[in-house]
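Student: sequence first, predicted coordinates after that:
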There are 2 protein chains.
Amino acid sequence: MVGARAVRKARTGVRRNVRTVPGPCAQWSDRDADFIREILDLVGDKWSVLIIGTLESGPTRYSDLTDAIPGISQRMLTLTLKQLRRNGLVTRTAYPEVPPRVEYALTDLGASLLSTVLALAAWSADHHTEIRRHQQRFDAGSEQDG
Amino acid sequence: MVGARAVRKARTGVRRNVRTVPGPCAQWSDRDADFIREILDLVGDKWSVLIIGTLESGPTRYSDLTDAIPGISQRMLTLTLKQLRRNGLVTRTAYPEVPPRVEYALTDLGASLLSTVLALAAWSADHHTEIRRHQQRFDAGSEQDG
DNA sequence: CCGAATCCCCTCGGATACTG
DNA sequence: CAGTATCCGAGGGGATTCGG
């Protein structure tokens, strides 16, 4: 009805054991919930997606990343890049020059994740207005009414 | 090459003004970055996706949600449900009975988001092993070596 | 130019107890 | 049953400073 089943059909391993009859049993298996947690660890933080998206256009220098992502601090750029490297989404290449030059690039794994995440961003762009409307309506109905 | 361009082509409004030549200018427009922020506000937290996913099988009572989502506290269930309602992803229906009965249900908007998010979960399930391998390799290379 | 280290605020979220 | 209110610890993340 929603499309979730299509996804479930296409990709084995996610929500395999969803129940079809009403009842008190758990909707999510522990493993499925773990997949949600894992993906949130990867892209749920404040900067990962922005960095990955910036790297899509090709290998990028540290300082260029700083410029491309407004508001990011050196600390968070370094930290997030390290996480992305740890998860195999990004590679780091240092060139022994003076001044030093370091380039970060997307791996195939990172690129495949980006394409998936962009669908989310597209959803957000699509429904942005509608969401705003809901928020304002909700807030208006909550404040007074006492 | 990665699929991001296909997404960009399919959905207007996201990453429209990506640059094609190297240079110091910003990779993300402020608006595009805002879409990322917005979607993270919606699903980037610890419980939203689990709740939305649980609701996919139909209207669900508060207590059934508690049972279906292991580890969630009453506080976070209530808080997250309120956020989901505020964004128009979930509706709340109270039945004037004793004992009280309250059912939460996905809106069409919430359902459309779920189907998109499940693609992410599927990606996680798909590449879980590979990611684990990268992590272990990275951690092994980091600890000693000094 | 690239990044590690330190300091510190502030939000997220868990535990518990209480209301209707 | 379906919440609300309060307390509190852990950690995300910004500003700044120092090293290679």
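Tutor: Looks like it arrived, so ask away.

Student: can you give me the buried ones in the one helix or strand residue A:78 maps to?
Tutor: Assignment of secondary structure by DSSP states H and E places residue A:78 within helix A:74-86. The neighbour-count check on helix A:74-86 (16 or more other C-beta atoms under 10 Å in any protein chain shown) flags A:77, A:80-81, A:83-86 as buried. C-beta coordinates here come from the backbone N, C-alpha and C atoms, glycine included.

Student: ok, residue A:63 to residue B:76 distance?
Tutor: Computed as C-beta to C-beta, to the nearest Å, the residue A:63 to residue B:76 distance reads 40 Å.

Student: state whether residue A:93 is indeed within a strand.
Tutor: Yes. Assessed with DSSP: H, G, I helix; E, B strand; the rest coil, residue A:93 lies in a strand.

Student: so where does the spatially closest residue to it that is not a sequence neighbour fall, helix or strand?
Tutor: In this structure, residue A:93 finds its nearest non-sequential neighbour in residue A:103, 5.0 Å apart by C-beta to C-beta, 6 or more residues apart in numbering or on different chains. For residue A:103, the host element (DSSP H and E) is strand A:101-106.

Student: ok, now which ones touch the residue positioned nearest the centre of chain A?
Tutor: Residue closest to the mean C-alpha point of chain A, counted by C-alpha atoms, centre = their mean, is residue A:43 at 3.2 Å. By C-beta atoms under 8 Å, 6 or more residues apart in numbering or on different chains, residue A:43 lies in contact with A:49, A:52, A:113, A:117, B:44, B:120.

Student: recalculate using a threshold of 6 Å.
Tutor: A:49, A:117 (C-beta atoms under 6 Å, 6 or more residues apart in numbering or on different chains).

Student: which SS class is residue A:72?
Tutor: With three-state DSSP as the criterion, residue A:72 reads coil.

Student: burial count for it?
Tutor: The local packing of residue A:72 (other C-beta atoms under 10 Å in any protein chain shown) involves 19 other residues.

Student: tell me the confidence at it?
Tutor: Each residue has a pLDDT score; the one for residue A:72 is 96.

Student: which stretches of chain A have low pLDDT?
Tutor: A:1-27, A:143-146 (pLDDT under 70).

Student: near DNA strand D, which residues of it?
Tutor: Taking C-beta under 7 Å from any atom of the strand as the criterion, chain A approaches DNA strand D at residues A:45-47, A:71-76, A:100.

Student: list the contacts for residue A:134?
Tutor: So residue A:134 contacts B:87-88 (C-beta under 6 Å, 6+ apart).
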